[in-house]
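Student: make a model of this:
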Amino acid sequence: MFNQFSTLDPETLPPEDRKWLVFFIEDILHIYTDHTRKRNKRVETQRLAIDLGWYPDGDPEGAFRLEAILDDDWVNPLLSFTSRSQQEIVDALENWLFREFMPNYFIEEEIFRRNHRKRT
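Tutor: Predicted coordinates for the structure are as follows:
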């Protein structure tokens, strides 16, 4: 887990500022939790990760991308949200942490995707 989410506002930072290369990068925030459950006499494990980055890396024209990743399937995120606004990213992150993925439980992927198809 790591957190490099800064209070720098991309809308007020001049494009020539070198802070773009330090604070607006692909690896800003990565948090995860592991779940296990016993089902049909087998133990199943699952990892839910939330990842935040700036894409393209260091580009003043880029944007934040927030993704919820189940079991390292980066090709098919459970949820994805893109914005240049820090406040919108914080709001989405808090919604995911305190609403979408709480209480902490094992995610039935097919049901979750079906229920979130219209909102992502």
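Student: contacts for the lowest-mean-pLDDT helix or strand in the chain?
Tutor: For the chain, using mean pLDDT, DSSP states H and E, the weakest element among its helices and strands is strand 2-3, scoring a mean of 82. Outside strand 2-3, the residues that touch it by CB atoms under 8 Å, 6 or more residues apart in numbering are Asp27, Ile28, Leu29, His30, Ile31. In short, each C-beta sits where N, CA and C put it, glycine included.
Student: tell me the contacts of the first one?
Tutor: In other words, Asp27. Asp27 sits in contact with Phe2, Gln4, Gly53, where contact means CB under 8 Å, 6+ apart.
Student: buried among these? Make that a ChimeraX selection.
Tutor: In ChimeraX, a selection of the buried entries from the contacts of Asp27 looks like this (16 or more other CB atoms under 10 Å):
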select :53
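Student: just give me the closest of the contacts of Asp27 to Leu97.
Tutor: The shortest approach to Leu97 among those belongs to Phe2, at 16.1 Å (CB to CB).
Student: give me the next element, helix or strand, following the longest helix anywhere in the chain.
Tutor: In the chain, taking DSSP state H as the definition, the longest helix is helix 86-95. Once helix 86-95 ends, the next helix or strand along the chain (criterion: DSSP states H and E) is helix 109-116.
Student: for Asp71, see how far away the residue of the chain most remote from its centre is.
Tutor: Here the chain reaches farthest from its C-alpha mean at Lys41, the gap being 32.5 Å by CA atoms, centre = their mean. Remark: distance between Lys41 and Asp71 (CB to CB, to the nearest Å) = 21 Å.
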